[in-house]
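Novice: with the input below, show me the fold.
(chains A and B)
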Amino acid sequence: DQQVKQNSPSLSVQEGRISILNCDYTNSMFDYFLWYKKYPAEGPTFLISISSIKDKNEDGRFTVFLNKSAKHLSLHIVPSQPGDSAVYFCAASAWMNRDDKIIFGKGTRLHILP
Amino acid sequence: GAVVSQHPSRVICKSGTSVKIECRSLDFQATTMFWYRQFPKQSLMLMATSNEGSKATYEQGVEKDKFLINHASLTLSTLTVTSAHPEDSSFYICSAPGYLTSGRSYEQYFGPGTRLTVT
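Specialist: From the prediction side, this is the model:
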């Protein structure tokens, strides 16, 4: 049973436009969400996170939005740049369970088109 | 920022042999580390939680005797793939949580990964 779902395996966006990556979760105990970026044959790199007490967190070109009632979060990248082409993983954890494990979605491959 | 290293970055071994992968936290202590496996075009799968000074906690479906985990110190965890077979070929990644002073883990620092190929 997938607790973190990224339903779009891939996404293509024109350079300079906005990239929106979506993520849904099923476990209501999750209270901390993260986005990671991954290039082939490398470990994931942390991008941005959001606590369940917030509905938005912004860091430069990256903004994460959280809709707790819908159990949905999204990552916005604007403007999209060629170097943003990578696989993006949504992840979640449940701090209330004192559990540092993070559960990953399957990832969305983002292609930035010139 | 915090750095996690893995060694080796790439290893090729023959079927039936054992391979050890090291994961080190370079500038912080980690009482807990995590081991992941990634198959081609698939998500990261959590294999086990490595606990310093105690037994590792394995996820459902992961063979404990196949994937031996040892967390010998606060900066080192090792994953040994025993009697490796071609189906064990994969990309193995470790991570360690980075704690804020409040004690809340705010992110996982990932190693660069180890590519294991079993021939």
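
Novice: please count neighbours and contacts with C-alpha atoms only from this point.
Specialist: Will do.

Novice: now the strands for the chain?
Specialist: This is for chain A. A:4-5, A:10-14, A:19-25, A:32-38, A:45-51, A:56-59, A:62-67, A:72-77, A:86-94, A:99-104, A:108-113 (DSSP state E).

Novice: that's the wrong chain, I wanted chain B
Specialist: Using DSSP E, strands in chain B cover B:4-7, B:10-13, B:19-25, B:32-38, B:44-51, B:57-58, B:67-73, B:76-81, B:90-99, B:105-110, B:114-118.

Novice: can you give me the buried ones in the second one?
Specialist: Buried residues in strand B:10-13, defined by neighbour count with 16 or more other CA atoms under 10 Å in any protein chain shown: B:C13.

Novice: keeping just the C-alphas, turn it into PDB.
Specialist: What follows is strand B:10-13, C-alpha atoms only, in PDB (Å, rounded to 0.1, in the frame of the first residue of the first chain):
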ATOM      1  CA  ARG B  10      30.900   1.100  -7.400                       C
ATOM      2  CA  VAL B  11      31.600  -2.600  -6.900                       C
ATOM      3  CA  ILE B  12      31.500  -5.600  -9.200                       C
ATOM      4  CA  CYS B  13      31.500  -9.000  -7.600                       C
END
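
Novice: which residues sit against it?
Specialist: Under the criterion CA atoms under 8 Å, 6 or more residues apart in numbering or on different chains, residues B:19, B:84, B:114-119 lie in contact with strand B:10-13.

Novice: could you measure from A:E15 over to chain B?
Specialist: Here A:E15 is placed at a distance of 24 Å from chain B (CA to the nearest CA, to the nearest Å).

Novice: touching, that residue and A:H111? I think so.
Specialist: No: between A:E15 and A:H111 there is no contact under CA atoms under 8 Å: 9.3 Å.

Novice: for the residue nearest the centre of chain B, give me the pLDDT.
Specialist: Centroid-nearest residue in chain B: B:W35, 3.3 Å away (criterion: CA atoms, centre = their mean). You'll see B:W35 listed with a pLDDT of 95.

Novice: about what we covered before: neighbour-wise, which of A:E15 and A:H111 wins?
Specialist: For the pair A:E15 and A:H111, the greater number of neighbours falls to A:H111 (21 against 18), based on other CA atoms under 10 Å in any protein chain shown.

Novice: so what's the more buried one up against?
Specialist: A:H111 neighbours (CA under 8 Å, 6+ apart): A:10-13, A:84-86.

Novice: which one of those is nearest to B:S95?
Specialist: Here the nearest of the contacts of A:H111 to B:S95, counting by CA to CA, is A:A86; it sits at 19.7 Å.

Novice: show the contacting residues for that closest one.
Specialist: So A:A86 contacts A:37-39, A:109-111 (CA under 8 Å, 6+ apart).

Novice: of these, keep whichever come out buried.
Specialist: A:37-38, A:109-111.

Novice: contact partners for A:A92?
Specialist: A:A92 is in contact with A:4, A:30-34, A:102-104, counting by CA under 8 Å, 6+ apart.
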